[in-house]
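J.: Structure of the sequence below:
(chains A, B, C, D, E and F, ligands or ions: 3)
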Amino acid sequence: MEKLIELFLASGAYNITGGQVVMIAVGLLLLFLAIKKNFEPLLLVPIGFGGILANIPEAGLAYSAVENAVHFAVPEVMNAMAAALNIASTDPHDILHAYHSSTAAEHQGAINAALDGGYANGMLYNFYSVAIGSTVAPLLIFMGVGAMTDFGPLLANPRTLFLGAAAQFGIFATVLGAVGMSAMGIMDFNIQEAAAIGIIGGADGPTAIYVTSLLAPHLLGAIAVAAYSYMALVPLIQPPIMRALTTEAERKIQMSQLRHVSKLEKILFPIVLLILVALLLPDAAPLLGMFCFGNLMRECGVVDRLSDTAQNALINIVTIFLGLSVGSKLSADKFLDLQTLGIMALGIVAFCIGTAAGVLMAKLMNKMMGGNAINPLIGSAGVSAVPMAARVSNKIGLEYNSQNFLLMHAMGPNVAGVIGSAIAAGVMIKFVS
Amino acid sequence: MEKLIELFLASGAYNITGGQVVMIAVGLLLLFLAIKKNFEPLLLVPIGFGGILANIPEAGLAYSAVENAVHFAVPEVMNAMAAALNIASTDPHDILHAYHSSTAAEHQGAINAALDGGYANGMLYNFYSVAIGSTVAPLLIFMGVGAMTDFGPLLANPRTLFLGAAAQFGIFATVLGAVGMSAMGIMDFNIQEAAAIGIIGGADGPTAIYVTSLLAPHLLGAIAVAAYSYMALVPLIQPPIMRALTTEAERKIQMSQLRHVSKLEKILFPIVLLILVALLLPDAAPLLGMFCFGNLMRECGVVDRLSDTAQNALINIVTIFLGLSVGSKLSADKFLDLQTLGIMALGIVAFCIGTAAGVLMAKLMNKMMGGNAINPLIGSAGVSAVPMAARVSNKIGLEYNSQNFLLMHAMGPNVAGVIGSAIAAGVMIKFVS
Amino acid sequence: MEKLIELFLASGAYNITGGQVVMIAVGLLLLFLAIKKNFEPLLLVPIGFGGILANIPEAGLAYSAVENAVHFAVPEVMNAMAAALNIASTDPHDILHAYHSSTAAEHQGAINAALDGGYANGMLYNFYSVAIGSTVAPLLIFMGVGAMTDFGPLLANPRTLFLGAAAQFGIFATVLGAVGMSAMGIMDFNIQEAAAIGIIGGADGPTAIYVTSLLAPHLLGAIAVAAYSYMALVPLIQPPIMRALTTEAERKIQMSQLRHVSKLEKILFPIVLLILVALLLPDAAPLLGMFCFGNLMRECGVVDRLSDTAQNALINIVTIFLGLSVGSKLSADKFLDLQTLGIMALGIVAFCIGTAAGVLMAKLMNKMMGGNAINPLIGSAGVSAVPMAARVSNKIGLEYNSQNFLLMHAMGPNVAGVIGSAIAAGVMIKFVS
Amino acid sequence: MENIVSEGINLMIFGMGFVVVFLTLLVFATTAMSKLVAKIAPEQPQPKPVKAKAAPAAAAGNNDELIAVMTAAVHKYRSN
Amino acid sequence: MENIVSEGINLMIFGMGFVVVFLTLLVFATTAMSKLVAKIAPEQPQPKPVKAKAAPAAAAGNNDELIAVMTAAVHKYRSN
Amino acid sequence: MENIVSEGINLMIFGMGFVVVFLTLLVFATTAMSKLVAKIAPEQPQPKPVKAKAAPAAAAGNNDELIAVMTAAVHKYRSN
Ligand code: NA
Ligand code: NA
Ligand code: NA
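T.: Ligands and ions are numbered 1, 2, ... in the order given. I've put the predicted structure just below:
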């Protein structure tokens, strides 16, 4: 009987909090959007499922050994942890607070005390530490994306890089928005958090996760969910903006066919890009280095088996762990917060501003070159959201001119946007970390 | 000449112990059974080979740096380790004993002393720490198994879940057997060890490895070998029991064809199961969470590339490391023990009782429902041993009624048995860890 | 403006050193050789690219947290590190020196101080630690190579093992050359370094990387580059030596067709080899153990899915990380050194001597057996460099006798050379580590 | 000694009981879920599965193209 | 409060400026690279891509062998 | 200085010697193993290897089915 009570007192049904119920519902909603609405399912299925796992009461899957020890707050363990952290108070909150601001040695001491108390890291916490805490997972995803990216359209028309540059305005405008809201007292974001939120406007999942894991890991759940959700919503978000900022004549502009790009150019491009990164912004080197490496493996033609693995087995394995790890940050105490609402609101603003900036830059380029070389509809593809945004450009173009296939033209700014937001990421890491 | 002697004194031929010879023979036997007799070769080939590697004299592949240091017992290293462990004795046995019961900080100190002495972890020890010590390998295998499992037959006839429940009686009866033997002084198992031995009756490899790694890691070799060997022996173990407990009329019962199960039901099932686990038994969450995640990836239809990887590259990679890691626990000093004999004996009892319980439950259900809806031959499939046990049901069914294909009907209790033993695992982890 | 200056002061263009420019050029050269000249591209593309990444100024991708902290040399961090390392001086060089010779506990203390100072391990440093520092990557490559190796030709004619033995003379002659140069004061290699250099003559990448990571990790970049470059140059290096040491009559010797080798022999061979290793040289157990394990998975026929994964997804993933990790050792301060020139010079000598020894052994065997059973052209294949060296034997054979296909005959000594150099590796690890 | 036996008996009773309770609840939950699905989202009579459909479609197509594609497939298979 | 806003403005100006400068340099570098490639290593008028070429080549070969190889491919595909 | 040279010479003599001894033993062990295998488990005159056998077998089968399966293979190949 005693055991029965013990079992019930440790059951989820007895311990579940309102926050956990809400977050499990959020996880189910993400699964619904991914499976039924096809919202970036490769990421949102693992993220949603990870979110549910993270909110299973008493399982502590998303918590470190120290967090699990603090949750149960057995006095003698609390005493040992307080001693390890050199604080007088044995109040669980104080211990957790001291733990987060401790030196590396104190940190290890607190972990040892938790382990001695019989607590262990949760499964998702381990996944998070290995995959995201080390930053390796987003970098490997970026390598795989590089191995999947064809820079041909960009090389055929390098000026489309300007469109990719312009669309990054969404990132920085959002940073300004976030600090503005903080200055007005509506929200409370510090500059690191503001920068991480801005990167949602980069419309590039691994970049957003990489930057957030360095600048504001506690916001990772909200930022990743916002980034992937809005990327899936690109076909809804972009068209009205694109229509509002262009005339019908502009939308009908036909672009000249892209020239043939040689194999050698494709091989050299990642190397040129890498060297430019090396000379100008070393902080972007991990992200763009892995991206260029993936692309070089793809194009060089002599390591096809490595390129295939980078595009398939390896990226799939990493995606599973990355998704579950991001999901671990959807635990109620970390996600259910006014900040999350602010992030969701700022994220969509970022996408809108980026889209508008891309379109307007295309119009400006037409003006400056005194011609009609560029259909402004491809400007919106500069936000990245590869390849969704390019497909949107193509679709709207076809609506107004059924012979006008913009897809390949839009792939140029599309991949330029990936480079642009990786550069923006490097600048932010340099200045605010 | 001096070097020649040194080489000889360090050679395997000079240092090999009787135990190592026996264990290498055991490894060879496992390879023979796997390769020639097709005993679960995917696991027993790596386990057998790992067992041989673990018993190579002087190589210390299965030992930690500390164990290797203790093996060679250089006085100054022993002094440093005794100091780190806060013990007075510098006797190697005392040091090893103190090491195993040390605090996390002392543990690290002893490791540091061993590293300073120039000793390193053996290769298999590293594999074990990463794959099993962290519990990640059995969980990933379980994810892959989830991605390979079709719950259709179970959903078409959910009552077969009762058969999966009943067959878990083998687990708990064996626990009782193990503690009984200890009470009678025949063996000396504590309650953790008894629980880990019982789980052999779950007839599910990753569950057995997961539970054992948490409750009684020193028994891992014997328990894993018993679990996989008896799973391979299911076609020999089960039929006599099935025949003894059923009448010929019962064996000829034809079951009605299974209804069609919709895609949506298959998608929702892992979610329903996960939520039930979350509410009732958080301790089963890692195991069943990963299982449900794999199954959701399989059924949702939008992440096929992740599901494919989970079923192929990822599970294969993990299987290689899991097998070698289990093999590392076949070192002579850990395996050659009276306990191992007890485990082997109790393991087969567990299979037999589970089989009988499943068959009897099927008969009881027929009685209670007052009909002949269930052929009791499918009850034995409730032990899991997927898909071998279901095939056995089918084969025996065909012997008595050549038109009676029980395979799909037996798949229901078969996968129910996987869920049942994972639940049993959660209960044991909750109560005895 | 201040930010602009800060950005410029932290840019690669401002900070780049001459050494880094040279090493980036070396990286580009390796990429050129790999892509255009097809020099072992699977390894040299990642190594070359990793070499460029490692030399990106200020990015510190190849450095540990401690090295990065020392690079920036902030006084308070230096003070903390000096305290952790128990030294009085806070000079960065002294700290780095003390760090490299510290005890494990001091080591961890210095790392903690660097982490507290906000420094982190570079990406490539992490790759190196996990892939090579743990020795797991070369071992897994060796497992994959084992799974790709057909011992049929060797089993059909076991005497070709002598050719594989003889060709290892290149290894030991080179060790003697290296210590000779040191004795003469031309170079300054200690015995560990000499042994690691010698292993280049094994003409086997993973063996060379494994041995070097244990005996002289600071030379890993130069040794791996030498090993893979010379393996790619085998078709240029070997033919003149082969021609010089054989008469035209010898080159025309036709060898009798190889007998059929049964499946059982192929299954038993890796086990026989493993047991011999276990009895005679436990230090070669990790390397040859994994090799035999891969080969057993290939030949046993019951674990094809594991064998496929070992040969494809797993070896490809490991190759990517191994290559980038080796590249991390191409940082200017570690590679640009007189030693590197010495290594490149000694490496080619090793290949030449190994080739010659193999050919001469074949002639000796013909003499001793009083017949013409062996075409001495297959002796050169004993250096390994699988399967390039065997192809060279075949090609030269065909030049002199257009009906004489030596390829299969040369595969025997070719794979024997892999075993031979792994044994040589074990001896070196035993005696000089 | 008695102690461990009573622990074992306890574990058996509660463990087995819990397994049965859990799977019984799962039977109810699954049945309810299936009924709900049948009510809310009844499945249309299914067209034949994709693969079977793909075969004739391709077979109906240009035969030369088919051979070319197959050869490429074989080519890829060989080069692995 | 003022402080964080000025930080944000700074980040915007320098960040956006740097992105534009970097991508502008990349436009120049890429254009220069492409011109250099066109000059130094002009591409020959391309033969049709390899795969298409492989098809007729194999098709021209022994038909029996082709079928045997394809069947082996199918066999391998099935056995996966 | 002398010291390292003698170390090198030692390493060469013992190392090379050991390699030769080991491989010689391996020659003996392998030969013995092969003889034992030939004695204990002589191989039956082999039927042609599996793959070659598979080809005619499948070729002999229903041709339509073969095309369907190959098309499925190609389909899978394309969708990768
Ligand atoms: Na972007
Ligand atoms: Na079971
Ligand atoms: Na060799």
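
J.: Mean confidence (pLDDT) on stretch A:236-256, please.
T.: For stretch A:236-256, mean pLDDT is 93.

J.: what does stretch A:178-189 give?
T.: 91.

J.: ok, the helix or strand hosting residue A:19 near chain B or not?
T.: Taking DSSP states H and E as the criterion, residue A:19 maps to helix A:18-36. Yes: Helix A:18-36 lies within reach of chain B by Cβ under 8 Å from any Cβ of the partner chain, at A:24, A:28, A:31, A:34-35. Yep, even glycine has a C-beta here, placed from its N, CA and C like the rest.

J.: Pull up the residues of the stretch 1-150 of chain A that are close to ligand 1.
T.: For the stretch 1-150 of chain A, no residues are found near ligand 1 under the criterion Cβ under 5 Å from the ion.

J.: can I get the residues of helix A:18-36 next to chain B in CSV with pLDDT?
T.: Putting the residues of helix A:18-36 next to chain B into CSV (pLDDT from 0 to 100) gives the following:
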residue, pLDDT
A:24, 96
A:28, 97
A:31, 97
A:34, 96
A:35, 96
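
J.: Run through the neighbouring helices and strands of the lengthiest helix in chain D.
T.: Criterion DSSP state H: the longest helix present in chain D is helix D:2-40. Secondary-structure packing of helix D:2-40 (3 or more Cβ pairs under 8 Å, 6 or more residues apart in numbering or on different chains; DSSP states H and E): helix A:2-9, helix B:152-156, helix B:160-166, helix B:169-183, helix B:191-198, helix B:263-280, helix B:407-432.

J.: Can you point out the buried residues in that helix?
T.: Residues D:4-5, D:7-8, D:11-12, D:14-16, D:18-20, D:22-23, D:26-27, D:29-30, D:33-34, D:37 are the ones in helix D:2-40 that count as buried (16 or more other Cβ atoms under 10 Å in any protein chain shown).

J.: for stretch A:317-331, same thing?
T.: Residues of stretch A:317-331 classed as buried by neighbour count (16+ other Cβ under 10 Å): A:317-331.

J.: Just flag the most distant two among the residues you listed.
T.: A:317 and A:331 (24.1 Å; Cβ to Cβ).

J.: Wondering if the strand or helix carrying residue A:107 reaches chain B at all.
T.: Secondary structure assignment for residue A:107, by DSSP H and E: helix A:104-116. Yes: judged by Cβ under 8 Å from any Cβ, helix A:104-116 and chain B are in contact via A:109, A:111-113, A:115-116.

J.: now, among those residues, which is nearest to chain C?
T.: residue A:109 (10.6 Å; Cβ to the nearest Cβ).

J.: Disregarding residues adjacent in the polypeptide, which is nearest to that closest one?
T.: residue A:84 (3.2 Å; Cβ to Cβ, 6 or more residues apart in numbering or on different chains).

J.: Can you name the element that comes right after the strand or helix carrying residue A:315?
T.: In the assignment (DSSP H and E), residue A:315 maps to helix A:313-327. Downstream of helix A:313-327, the next assigned helix or strand under DSSP H and E is helix A:332-335.

J.: tell me what that following helix is packed against?
T.: When contacts are defined as 3+ Cβ pairs under 8 Å, 6+ apart, helix A:332-335 sits against helix A:18-36, helix A:220-232.

J.: Buried residues, it. List them.
T.: A:332, A:334-335.

J.: So which of these sits lowest on pLDDT?
T.: residue A:334 (81).

J.: The closest residue to residue A:122 other than its chain neighbours: neighbour count?
T.: Spatial nearest neighbour of residue A:122, chain neighbours left out: residue A:61 (4.0 Å); criterion: Cβ to Cβ, 6+ apart. A total of 26 residues lie near residue A:61 under the criterion other Cβ atoms under 10 Å in any protein chain shown.

J.: next one: residue A:260
T.: 10.

J.: Identify each buried residue in stretch A:209-218, please.
T.: Within stretch A:209-218, the residues that qualify as buried are A:209-217, counting by 16+ other Cβ under 10 Å.

J.: Touching stretch A:353-368 from outside, list them.
T.: For stretch A:353-368, contacts defined as Cβ atoms under 8 Å, 6 or more residues apart in numbering or on different chains pick out A:159, A:162-171, A:173-174, A:201, A:203, A:237-238, A:241-242, A:245-246, A:250, A:372-383, A:413, A:417.

J.: pull the helix or strand with minimum mean pLDDT from chain A.
T.: Here the helix or strand of chain A ranked lowest by mean pLDDT, DSSP states H and E is helix A:2-9, holding a mean of 76.

J.: still on that earlier bit, now, the buried residues of stretch A:209-218 that are in helices?
T.: A:209-215.

J.: Not counting its neighbours along the chain, what's nearest residue 9?
T.: No chain in the question, so chain A it is. Leaving aside its sequence neighbours, residue A:9 sits nearest to residue A:15 (Cβ to Cβ, 6+ apart; 8.0 Å).

J.: I was thinking of chain D, sorry if that wasn't clear
T.: Spatially, and ignoring its direct neighbours in sequence, residue D:9 is nearest to residue B:176 (6.6 Å; Cβ to Cβ, 6+ apart).

J.: Now for that neighbour: which residues touch it?
T.: D:8-9, D:12 are the contacts of residue B:176 under Cβ under 8 Å, 6+ apart.

J.: let's see 10 Å
T.: By Cβ atoms under 10 Å, 6 or more residues apart in numbering or on different chains, the residues touching residue B:176 are B:194, B:198, D:5, D:8-9, D:11-13.

J.: still on that earlier bit, count the residues that sit near the residue nearest to residue A:9.
T.: Neighbours of residue A:15 (other Cβ under 10 Å): 16.

J.: okay but it is in contact with residue A:58, surely?
T.: Yes: with contacts counted by Cβ atoms under 10 Å, residue A:15 reaches residue A:58, the gap being 5.1 Å.

J.: Common neighbours of the two, please.
T.: By the contact definition Cβ under 10 Å, 6+ apart, residue A:15 and residue A:58 are jointly contacted by A:9, B:282.

J.: Where does residue A:402 sit: helix, strand or coil?
T.: Judged by DSSP: H, G, I helix; E, B strand; the rest coil, the three-state class of residue A:402 is coil.

J.: Backbone dihedrals for it, please?
T.: phi -70, psi -10 (degrees, to the nearest 10).

J.: what's the answer for residue A:168, then?
T.: Per degrees, to the nearest 10, the backbone of residue A:168 is at phi -70, psi -10.
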